[in-house]
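K.L.:
Dropping a prediction and its sequence here:
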Amino acid sequence: MTQGQYIVISNRPIAAATWEMLLAGDTSALTRPGQFVNLRTGGHYLRRPLSVCAWDDSRLTLIYKVVGQGTDWLSERQAGDPIDMLCGLGNGFDTGLSGQHPLLIGGGVGLPPLYQLARQLVQEGKQPRLIMGFNSMQEVFYREEFERLMPVTVTTMDGSCGVRGLVTEVPPEANCTYFYACGPSPMLQALCGCLAMPGQLSLEERMGCGFGACMGCTIRTRLGDKRVCKEGPVFLKEELIW
């Protein structure tokens, strides 16, 4: 984990109430896709955790949805503004378990951490596929970015883009034997119930400190109590109790 001032390079809307922020700063603590950062937003006491969409040696990309005062403050940041941030938090995805044809499943703003994961899987010579789910066409983002890496199926609840329905209603390809997923808890629970294959899931949970000290994000697992911010946010499917 590193803490410091990160400088906004760009900050722009990319879909309905959804923004992409590019920042410059120390990314040395980012070692796995699926890790997150914790940002100080304005005068709020608690930091705001956000998953990391992508990074390189000196920059990182965050995608967030404006849902309250903290993210509204983020959407007002301009190029050159500093943001105090804890970087490289949590336990990310393990690509060593994926097999040759992993299935990636993302729902809404749960999609961003799967982008760096997809890039790494492709770099490792694997052939992933993606199912991305949204409520409507107005919320769809990063479709083209993902399509440059792998085949993509889009689902929307209202049928305005891609397949009408939920991500759980799209049958996986026969050669997919492992999955990675990130999204709202009801979606993740449904995936665990309908997919027989093993997988890894990134959980969304309210956090206090973001690095394991306050114990506020502790959940029960089959291997005992674990903190989403420290032992997670990525957990093996067989660990989770729904």
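P.N.:
Thanks, I have the structure now. Residues are numbered from 1 along each chain as shown.

K.L.:
Show me how the record splits this structure into domains.
P.N.:
By the assignment in automatic domain parsing, the chain contains the domains 2-89, 95-239.

K.L.:
so where do the helices sit in this protein?
P.N.:
With helices called from DSSP state H, the chain shows them at 69-75, 113-123, 143-147, 185-194.

K.L.:
Point out the most buried one among those.
P.N.:
helix 113-123 (a mean of 22; mean count of other C-beta atoms under 10 Å). Every residue, glycine included, has its C-beta placed from N, CA and C.

K.L.:
what about the nearest residue to residue 210 once chain neighbours are set aside, distance to residue 30?
P.N.:
Nearest residue to residue 210, sequence neighbours excluded (C-beta to C-beta, 6 or more residues apart in numbering): residue 38, at 3.8 Å. Remark: distance between residue 38 and residue 30 (C-beta to C-beta, to the nearest Å) = 13 Å.

K.L.:
what's across from residue 236 in the sheet?
P.N.:
For residue 236, the beta-bridge partners under DSSP bridges are residue 200.

K.L.:
Help me confirm that it comes into contact with residue 198.
P.N.:
Yes: because the distance of 7.3 Å satisfies C-beta atoms under 8 Å, residue 236 is recorded as touching residue 198.

K.L.:
wait, what's in contact with residue 146?
P.N.:
115, 118, 130, 132, 152 (C-beta atoms under 8 Å, 6 or more residues apart in numbering).

K.L.:
go with 10 Å
P.N.:
104, 106, 111, 114, 115, 118, 119, 128, 130, 132, 152, 154 (C-beta atoms under 10 Å, 6 or more residues apart in numbering).

K.L.:
so which pair among the residues you listed is furthest apart in space?
P.N.:
Maximum pairwise distance among those (C-beta to C-beta): 19.3 Å, between 119 and 154.

K.L.:
Which one, of the helices of the chain, ends up nearest to residue 240?
P.N.:
helix 185-194 (6.6 Å).

K.L.:
before we move on, back to that, overlap of the contact sets of residue 38 and residue 30?
P.N.:
With C-beta under 10 Å, 6+ apart as the test, residue 38 and residue 30 both reach 87, 89.

K.L.:
For the strand ranked longest in the chain, which helices and strands make contact with it?
P.N.:
Identified as the longest strand of the chain according to DSSP state E is strand 2-15. Under the contact definition 3 or more C-beta pairs under 10 Å, 6 or more residues apart in numbering; DSSP states H and E, strand 2-15 sits against strand 18-24, strand 36-39, strand 59-65, helix 69-75, strand 82-89.

K.L.:
measure the closest residue to residue 17 other than its chain neighbours to residue 209 for me?
P.N.:
Using C-beta to C-beta, 6+ apart and skipping the chain neighbours, the partner closest in space to residue 17 is residue 66 (4.8 Å). According to C-beta to C-beta, residue 66 stands 24 Å off from residue 209.

K.L.:
now swap in residue 171 and tell me
P.N.:
41 Å.

K.L.:
more neighbours, these two?
P.N.:
Neighbours of residue 171 and residue 209, each counted by other C-beta atoms under 10 Å, are more numerous for residue 209; the result is 18 against 9.

K.L.:
So the more buried one sits against residue 46, correct?
P.N.:
Yes: counting by C-beta atoms under 10 Å, residue 46 is a contact partner of residue 209 at 8.6 Å.

K.L.:
Quick check: neighbours shared by those two?
P.N.:
38, 216.

K.L.:
which of the helices and strands packed on strand 2-15 sits most buried?
P.N.:
Among the helices and strands packed on strand 2-15, ranked by average contacts under mean count of other C-beta under 10 Å, first place goes to strand 36-39 (a mean of 26).

K.L.:
mean confidence for it?
P.N.:
Taken as a whole, strand 36-39 has a mean pLDDT of 95.

K.L.:
C-alpha coordinates for that strand, CSV please?
P.N.:
Output of strand 36-39 as CSV, limited to C-alpha atoms (Å, rounded to 0.1, in the frame of the first residue of the first chain):
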residue,chain,number,x,y,z
PHE,A,36,-8.6,-1.0,-5.2
VAL,A,37,-7.8,2.5,-4.0
ASN,A,38,-9.3,4.6,-1.2
LEU,A,39,-9.7,8.3,-2.0
